[in-house]
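**Q** Got a predicted structure here, sequence first:
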Amino acid sequence: MILDQERKRNLKIQERSGINIGLKDSFREVELVVPSQFGSVVETLKTCYKFGFRSLVVPQNVLAAPNNPKSLVSMSGLYKEIYTGLLQINRTAKKYRIELSFHADTMTILSPDDARKKELYREAVRVFCHASHILDGRLFGIKPGEARGMYDKEAVRAVVQELNIITDSLKVDTPIGIETMGKLTDIGSLNHILEIVKSTHQTEPLINFGAIHARGSGSLTSQLDIAKIFDEIESKLGAEYLKSPIMYFSTLSYGPSGETGSTTMAKSNLKFENIAKELINRGMQGTVIIDTPGKEIDALKCIKTIDENMK
């Protein structure tokens, strides 16, 4: 286990730089020893604290219905059945000063055409947003989805329409992060995301550098490539969207059609150093969520990279 002095050094590096490092979901060892969905997250938060990580994307399974773990809890069930568990997570995160967020791994905004299924998807997004609110979460992240035979402009309009229907009915103000996607068949390019955010409310771009890199067949190879992403966001949405963003660092494999799977940080030609340099150069504060096969060790390497580039 990491020593206390190392934890303090990791926290100091993040404080000095204004760049927080977090993890997607739980530690592998926690998943093995803690079967409870809430207990697992609490133990993960404790482990994050011991390592000096400042953010955690809460696993989707904490919203499983108690009577049917394979399905999402209903809105009424959220408050009647799992509210206490979510408050326990909230209190633990506050104790250790760890930022929380939620992410839909098995859902997209472009839901099935069937009217009943479409409404179920909308209700699921509402559940996520309300759960994020209970956790005092920074945001709820979701992907737009596949074009499904539509032209890009048509699919973007469909995403915008769905989001506006959902946010108009929300009773909480949790921001919805719209994530970039890695396959060319997805509505998830940087331009798609910026257009969607520009045409909706209560949304913001959720930049997944790995997805953009894979979608462009390895397009982010320099600090300048990272700078262009931030310049585009500022140009189309405004500087306020760069004040404290959540971003994802993933290492995806790719082919001519974009994302094909995942690879390791060592084998990926997307280098975290270029991201760190640009964030430091701009004096940007924000959170980078590490979502790689070796996320725990990779997150420590990312903190070290930030430190080395501040000297």
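**A** Good, I have the coordinates.

**Q** chain center to the biggest helix by length in the chain, what's the gap?
**A** Assignment by DSSP state H gives helix 115-134 as the longest helix of the chain. Centre-to-centre, helix 115-134 and its host chain are 17 Å apart (CA atoms, centre = their mean, to the nearest Å).

**Q** Tell me, how many residues neighbour residue 49?
**A** By other CB atoms under 10 Å, 18 other residues sit near residue 49. Any C-beta I mention is one placed from the backbone N, CA and C, and that applies to glycine too.

**Q** leaving aside the residues next to it on the chain, what's closest to it?
**A** Once flanking residues are discounted, residue 49 sits nearest to residue 96: 4.0 Å by CB to CB, 6 or more residues apart in numbering.

**Q** Repeat that for residue 137.
**A** Here the residue nearest residue 137, using CB to CB, 6+ apart, is residue 100, at 4.7 Å.

**Q** Name the helix or strand for residue 14, please.
**A** helix 4-17 (DSSP states H and E).

**Q** follow-up on the earlier one: next one: the residue nearest to residue 49, what pLDDT does it get?
**A** On pLDDT, residue 96 comes in at 97.

**Q** Strands along this protein, start to end?
**A** All strands of the chain, identified by DSSP state E, fall at 19-24, 55-58, 64-65, 68-72, 99-108, 140-143, 176-179, 203-208, 246-250, 252-255, 258-262, 286-291.

**Q** Pick out the shakiest of these, pLDDT-wise.
**A** Looking at these, the weakest mean confidence is strand 68-72, a mean of 86.

**Q** Give the pairing partners of it; include direction for each.
**A** With DSSP bridges as the test, strand 68-72 is paired with strand 64-65 (antiparallel).

**Q** Please compute how far the strand it pairs with lies from its chain's middle.
**A** Distance, centroid of strand 64-65 to centroid of chain: 21 Å (CA atoms, centre = their mean).

**Q** swap in stretch 168-179?
**A** On CA atoms, centre = their mean, the centre of stretch 168-179 falls 14 Å from the chain's centre.

**Q** how long is that stretch end to end?
**A** Its first and final residues considered, stretch 168-179 spans 20 Å by CA to CA, to the nearest Å.
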